[in-house]
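Asker: pasting the structure only:
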């Protein structure tokens, strides 16, 4: 069946979970089931739970509901064959995502998730990238706070560098200036699952350490680890490790790899979070570095748990990208977002990724929001999801 004749534009898989519910609520409130909007459905294992979520979010009683179990390939094949795009919030993906990726590749169905699990992603790239190219399926990992603001932030910073300096920057620093909100229970569960997998298979640690693990066959220049506090003289602030840097940096390098290295084959990129100047900033940076040994504390959030609506709406984030040129010149570029990054903003980002995929003419394969959608997604996020992308100097 061709994509044009499929019943749905988008199916939200995992709509009964905390984040999946937010995705369904966003699509309902912003697009409904209008003739000029995407035709979407909610999917999960239980019709009773789907009906309950539909009613709780105030969606119309005739909102389509699809029952499919992550362990049942027949269910997943049938679900994917009915839609152009699947948005999945069912993680950790290394535990629950194998069959759905395979079903999307098999049926030529586009896919977007919230994955921050680089070892699993590298495994899926090796297994399915060529088959996805053949079937036309666009498999788009990391379509939330990890790693859209960073992936697209670097892309837009390089565009600005080319316009200002006539060439891309050989080095960019991503620096989180402010962030209010929480990491999702899914993020904590994914990290836990990754650490357990690494204990069983130590080779996974090599993937986690390799900044080019998602660019198979390419071995780029040495990259800063970002794990040690450092004073950044040009910014007059201390920088501390950023917990999401290990996945974001890999996705940035995969985008560069898939697009034919428009940032250069010698491109250097790292991410940290800024504290403040002076001894207070140094102490804060050291405290963050110590916290990185156990970033979610003694009681990490559980999948299905999350902040209140008020907490989600009061969250925000602000990321600075510094393009460093060889002659000492630099360019500052900012990406800012409203809402809690792990839930409120993430649910908007994956939704708009799904809608952008509907009109994309990118080839199939396993890619990134940057490689598949680029500026088209930037435009959607600015118009619909309360993100901003702007040159600052």
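Answerer: That came in fine, so what should we check first? Computed from a predicted structure; not experimentally measured. Numbers count the residues shown, from 1 in each chain.

Asker: okay, CA-based contacts and neighbour counts for the rest of this
Answerer: Will do.

Asker: So what touches stretch 323-338?
Answerer: Here stretch 323-338 makes contact (C-alpha atoms under 8 Å, 6 or more residues apart in numbering) with 149, 153, 157-158, 161, 169-173, 313-322, 345, 386-393.

Asker: At which residues are the strands of this structure located?
Answerer: Ranges of strands in the chain, per DSSP state E, are 8-13, 40-44, 65-67, 83-88, 110-112, 138-140, 171-180, 230-232, 237-241, 268-274, 316-324, 330-338, 365-367, 387-391.

Asker: Please work out the average pLDDT along the last one.
Answerer: Per-residue pLDDT values across strand 387-391 average out to 98.

Asker: That one packs against which elements?
Answerer: Where contact means 3 or more C-alpha pairs under 8 Å, 6 or more residues apart in numbering; DSSP states H and E, strand 387-391 is packed against helix 148-165, strand 330-338, helix 375-384.

Asker: How far does the first one sit from its chain's centre?
Answerer: For helix 148-165, the separation from the chain centroid amounts to 17 Å (computed by C-alpha atoms, centre = their mean, to the nearest Å).

Asker: just the last one next, same as before
Answerer: Relative to its parent chain, helix 375-384 has a centroid offset of 15 Å by C-alpha atoms, centre = their mean.

Asker: What angle do strand 387-391 and that helix make with each other?
Answerer: 120 degrees (axes from the mean of the first three to the mean of the last three C-alpha atoms, to 10 degrees).

Asker: name the helices or strands packed onto helix 375-384?
Answerer: helix 148-165, helix 346-358, strand 387-391.

Asker: ok, residue 84 touching residue 8?
Answerer: Yes. Residue 84 is in contact with residue 8 according to C-alpha atoms under 8 Å; the separation is 6.5 Å.

Asker: burial count for residue 122?
Answerer: Residue 122 has 18 neighbours, counted by other C-alpha atoms under 10 Å.

Asker: In contact with the nearest residue to it once chain neighbours are set aside, which residues?
Answerer: Leaving aside its sequence neighbours, residue 122 sits nearest to residue 214 (C-alpha to C-alpha, 6 or more residues apart in numbering; 5.6 Å). For residue 214, the contacting residues are 118, 121, 122, 125, 250, 251, 253, 254, by C-alpha under 8 Å, 6+ apart.

Asker: one step back: just the buried ones from the contacts of stretch 323-338, in ChimeraX syntax?
Answerer: To isolate the buried ones among these in ChimeraX, judged by 16 or more other C-alpha atoms under 10 Å, type:
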select :149,153,157,158,161,169,170,171,172,173,313,315,316,317,318,319,320,321,322,345,387,388,389
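
Asker: mind putting the strands of the chain in a markdown table, distance to residue 132 included?
Answerer: Listed next are the strands of the chain as a markdown table, based on distance: least, C-alpha to C-alpha, whole Å:
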| stretch | distance to residue 132 |
| --- | --- |
| strand 8-13 | 18 |
| strand 40-44 | 23 |
| strand 65-67 | 24 |
| strand 83-88 | 14 |
| strand 110-112 | 9 |
| strand 138-140 | 7 |
| strand 171-180 | 31 |
| strand 230-232 | 42 |
| strand 237-241 | 35 |
| strand 268-274 | 28 |
| strand 316-324 | 32 |
| strand 330-338 | 31 |
| strand 365-367 | 4 |
| strand 387-391 | 30 |
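
Asker: Quick one: closest of these to residue 27.
Answerer: Nearest to residue 27, of all the strands of the chain, is strand 40-44, at 8.1 Å by C-alpha to C-alpha.

Asker: just how off-centre is the closest one within its chain?
Answerer: 21 Å.

Asker: neighbouring contacts of that strand?
Answerer: Outside strand 40-44, the residues that touch it by C-alpha under 8 Å, 6+ apart are 8-16, 24, 33, 50, 63-69.

Asker: Quick check: ChimeraX command selecting the buried ones in those.
Answerer: Only the buried entries of those go into this ChimeraX selection, using 16+ other C-alpha under 10 Å:
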select :8,9,10,11,12,13,14,15,16,24,33,50,63,64,65,66,67,68,69
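
Asker: for the stretch 201-350 of the chain, which spans come out with low pLDDT?
Answerer: The stretch 201-350 of the chain contains residues with pLDDT under 70 at 292-301, 303-304.
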